[in-house]
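K.L.:
When you get a sec, could you give me coordinates for this:
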Amino acid sequence: MKVATSNYPARYWHKLDDGRLQCDLCPRDCKLHEGQRGACFVRKRQGEQMILTTYGRSSGFCIDPIEKKPLNNFYPGSSVFSFGTAGCNLACKFCQNWDISKSQDMDRLMDQASPELIAQAAREHGCKSVSFTYNDPVIFAEYAMDTADACHALGIQTVAVTAGYIHAQPRRDFFDKMDAANVDLKAFTENFYFKLTSAHLQPVLDTLRYLKHETNVWLELTTLLIPGHNDSDEEITAMCCWIKKELGADVPLHFSAFHPDYKMGDVPATPVATLVRARNIALQQGLHYVYTGNVHNIEGDTTFCPNCKAPLIVRDWYQIINYRLTATGHCPDCGSAVAGRFDATCGDFGRHRIPVMLG
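P.N.:
Numbering: from 1, shown residues only. Purely as a prediction, here's the structure:
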């Protein structure tokens, strides 16, 4: 059993000729002198090695509906045991979880738990899956991967909620441990990524292609639409065309509403009409499963048959109010298969959220 510790040996680094240690986890390629931390703040040079300072330490544990991740085509109605740590390898000016992802206060991480304890807690609470979320699990990859192993040993699925900003080798190792992923495709221009996230678009697109074509990970996408920054018809159309061409029409896409926060408090909240417009564009471009998030919109929460367009999973927020899929995941009206991962029956967890204390 791997015990909870705050100074865990990190993988994915090498020593440079000038004596610095370079972190090889993500495209930031942070180069560190003794005692320095990477841009994510949680990967640190200590002597002649790199350590992960948040291994076994969490900002909190909750049981959520799987639809909150958001994953609508992955065991609908099931519960997911959710946790995160602190820090992030992006610097999004619009971060909706900035108090966690931007935190440099390790004292916030009061909840300690080994991977095995997390897996056991998920099983005891009847959760179908464990989700690495709230902040990006890429930066606590070693902890997430060990926890995923412990979950799989108990028959529990694993979910990564991530921006997908990761190098090729750790990408293979990390997603080899995941059963599903929701990846934030934050925009579809390099200008947006560079100016508003201090990152780049191409590595995210590379991750998406890898997940779809080289893994069995169930993939869904989320785009937070920010008024005046990534919500134009032209950009949404270009993004949806790329998704259909490169990933396929069956990859679900969630358009989520922005609310003023962090360094973009002067930007207005996303109108429902913007999400509806984006959803209509995506459907017109041929995507089969397009959802709206962070707003009340039953049509935008509903899973429709890709063929006959019948409503098959009707949701109100995270509550499933009508479920018509057959036991094999097909439309009962026309017999078409619905893309996703489904049990013979729908889960009934509902929309509630349950905080959990471990240890």
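K.L.:
where does this protein have low pLDDT?
P.N.:
1-6, 97-110, 359 (pLDDT under 70).
K.L.:
Let me see the ranges of the helices in it.
P.N.:
With DSSP state H as the criterion, the chain has helices at 98-101, 115-124, 141-153, 168-175, 190-192, 202-214, 233-246, 272-284, 298-301.
K.L.:
and P76, which of the ones you listed is closest to it?
P.N.:
helix 298-301 (10.9 Å; C-beta to C-beta). All C-beta spots, glycine's among them, are computed from the backbone N, C-alpha and C.
K.L.:
what's the neighbour count on the residue nearest to A187 when sequence neighbours are not counted?
P.N.:
Using C-beta to C-beta, 6 or more residues apart in numbering and skipping the chain neighbours, the partner closest in space to A187 is N230 (3.9 Å). Using other C-beta atoms under 10 Å, N230 has 24 other residues around it.
K.L.:
tell me the most buried of the helices of the chain?
P.N.:
Among those, the stretch with the highest mean neighbour count (mean count of other C-beta atoms under 10 Å) is helix 141-153, at a mean of 22.
K.L.:
packing partners for that helix?
P.N.:
helix 115-124, strand 129-132, strand 157-162, helix 168-175 (3 or more C-beta pairs under 8 Å, 6 or more residues apart in numbering; DSSP states H and E).
K.L.:
Only C-alpha atoms, please: export the first one in CSV.
P.N.:
It refers to helix 115-124. Extracted as CSV, the C-alpha positions of helix 115-124 are listed here (Å, rounded to 0.1, in the frame of the first residue of the first chain):
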residue,chain,number,x,y,z
PRO,A,115,-4.9,5.5,-3.1
GLU,A,116,-6.2,2.4,-1.5
LEU,A,117,-8.3,4.3,1.1
ILE,A,118,-9.9,6.4,-1.7
ALA,A,119,-10.8,3.3,-3.7
GLN,A,120,-12.3,1.6,-0.6
ALA,A,121,-14.3,4.7,0.3
ALA,A,122,-15.7,4.8,-3.3
ARG,A,123,-16.8,1.2,-3.0
GLU,A,124,-18.3,1.7,0.4
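K.L.:
That helix: how far from the chain's middle?
P.N.:
20 Å (C-alpha atoms, centre = their mean, to the nearest Å).
K.L.:
Stretch 163-182 now?
P.N.:
Counting by C-alpha atoms, centre = their mean, stretch 163-182 comes out at 11 Å from the chain centroid.
K.L.:
Start the count at 26 instead of 1 going forward.
P.N.:
With the count now opening at 26, the last piece we talked about shows up as stretch 188-207.
K.L.:
V339: what's it in contact with?
P.N.:
323, 326-327, 345-348 (C-beta atoms under 8 Å, 6 or more residues apart in numbering).
K.L.:
which one is it nearest to, not counting chain neighbours?
P.N.:
Nearest one to V339, counting by C-beta to C-beta, 6+ apart, is N347 at 4.0 Å.
K.L.:
any idea how far R302 is from the residue nearest to A212?
P.N.:
According to C-beta to C-beta, to the nearest Å, N255 and R302 sit 13 Å apart.
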